[in-house]
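Novice: Need coordinates for the following:
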Amino acid sequence: MVTLEQAKELMALAIDINGAECRKAKYGDAPCVFISFSGHVACLDIEVDPHGWDNYEGRVRFEINLEGLYGDDYETVRDYLVNMKDGVTAEKKCAEGGNPAMAHTE
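Specialist: Now for the predicted structure:
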């Protein structure tokens, strides 16, 4: 079972990786994370495009059912996103004219 706090942590990691205000280019060396929640089945769908949001090469998909009935393991997904976050700099997030000051890196 995945707790609400753990689900929020995955959302926060996605925002940290993407940047909240900064928008990067379609292509580049910065990843882009998409997360959607389907409330009727308590499921998080997570897609990661490691090389930009319009480059489907290497896309990684995860599915986490919050009730633990099916899908990927929370720890596996969390570790994947943490490792990705650790490799992303403000400059990568803001390729082609974005504002690195708005990239929310730690």
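Novice: Just the buried positions in the longest helix that the chain contains, please.
Specialist: Counting by DSSP state H, the longest helix found in the chain is helix 4-18. Burial within helix 4-18, assessed by neighbour count using 16 or more other CB atoms under 10 Å, is assigned to 6, 7, 9, 10, 13, 14, 16, 17, 18. Heads up, the C-betas are built off the backbone N, CA and C, glycines and all.
Novice: Strands of the chain, start to end?
Specialist: Under the criterion DSSP state E, strands of the chain are mapped to 32-38, 43-49, 60-65.
Novice: for these, which one ends up most surrounded?
Specialist: strand 43-49 (a mean of 19; mean count of other CB atoms under 10 Å).
Novice: That one vs helix 4-18, what angle?
Specialist: 20 degrees (axes from the mean of the first three to the mean of the last three CA atoms, to 10 degrees).
Novice: Which strands and helices lie in contact with strand 43-49?
Specialist: Packing partners of strand 43-49 (3 or more CB pairs under 8 Å, 6 or more residues apart in numbering; DSSP states H and E): helix 4-18, strand 32-38, strand 60-65, helix 74-86.
Novice: That strand pairs with which strands, parallel or anti?
Specialist: Strand pairing for strand 43-49, using DSSP bridges, gives strand 32-38 (antiparallel), strand 60-65 (antiparallel).
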